[in-house]
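>>> Here is the input, now give the coordinates:
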Amino acid sequence: MRILLVEDDAEVARFVKKGLQEAGHTVEHAANGRDGLFLAASEGFDVLVLDRMLPGGVDGVRLVETLRGQGNRSPVLFLSALTAVDERVKGLKAGGDDYLTKPFAFAELLARVEALGRRPSAEVPTTRLKVADLELDLLSRTVTRAGRKIDVQPREFRLLEHLMRHAGQVVTRTMLLEKVWDYHFDPQTNVIDVHVSRLRHKLDKGFDRPLIHTVRNAGYMIRAQA
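The predicted model follows:
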């Protein structure tokens, strides 16, 4: 499954993320409520694991209330040191599906996450992304433009997926470093420029209309319009 973990305690986040990945799941991590809300609202996840108390001006309850108000029905497991019954009820009434108090055994967290993931969803998951005549199939991990298959490397696929999930929006270098390379610092290299250049050459060569655009002093954007 693809899981979003929103947890500000670095040690807990590292422990949970490592365990979920070892169980075969893909995990995105946000360290505050604001970033967690942005990810949850803009990308598709099978399960959200949220800390109740979060920095960033958006706590776990508010985050879930906002998502539910937008029609997002992704299952939510709350993690919290708040053990009072009233607090658990508050989280569940906000739209949470389950509640696990800290400290917890990872085996129980994994069982609860996988149980939430097995629940039938009313929403059809996104398996294909499309911008103009460019299509990316998330299941077969293939890319085509105007029906022509384009061979891309795994890192290029992740880069393209991130750009297409944010089509029409500027994607900054920092966002790409974090989401595609899992860097939470700037390595001071041109690794992004090299990969974008290589991807642009593969996607746009032989076509009249370029899709990947450089936004000066900001980042990159994929869009249908020139």
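>>> How about the helix or strand of the chain with the lowest mean pLDDT, which residues are buried there?
Least confident helix or strand of the chain, by mean pLDDT, DSSP states H and E, is helix 85-93 with a mean of 82. By neighbour count with 16 or more other C-beta atoms under 10 Å, helix 85-93 contains the buried residues 87-88, 90-91. Backbone N, C-alpha and C define where each C-beta goes, glycine included.
>>> between those, which is nearest Leu77?
For the buried residues of helix 85-93, the residue nearest Leu77 by C-beta to C-beta is Gly91; the value is 9.8 Å.
>>> what residues are up against that closest one?
52, 60-61, 64, 78, 80, 99 (C-beta atoms under 8 Å, 6 or more residues apart in numbering).
>>> can you list the weak-confidence ranges in this protein?
120-126, 184-185, 187, 225-226 (pLDDT under 70).
>>> Which parts of it are helices?
Along the chain, the segments classed as helices by DSSP state H run 10-22, 33-42, 60-69, 85-93, 106-118, 154-165, 173-179, 191-204.
>>> residues near Leu176, how many?
21 (other C-beta atoms under 10 Å).
>>> quick revisit: CA atoms only for the least confident helix or strand of the chain - export them in CSV, please.
Taking C-alpha atoms only, helix 85-93 is exported to CSV below (Å, rounded to 0.1, in the frame of the first residue of the first chain):
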residue,chain,number,x,y,z
VAL,A,85,-11.7,8.6,26.1
ASP,A,86,-12.9,12.1,25.2
GLU,A,87,-9.7,12.7,23.1
ARG,A,88,-10.2,9.3,21.3
VAL,A,89,-13.8,10.2,20.6
LYS,A,90,-12.9,13.6,19.3
GLY,A,91,-10.5,12.1,16.8
LEU,A,92,-13.0,9.5,15.6
LYS,A,93,-15.8,12.0,15.3
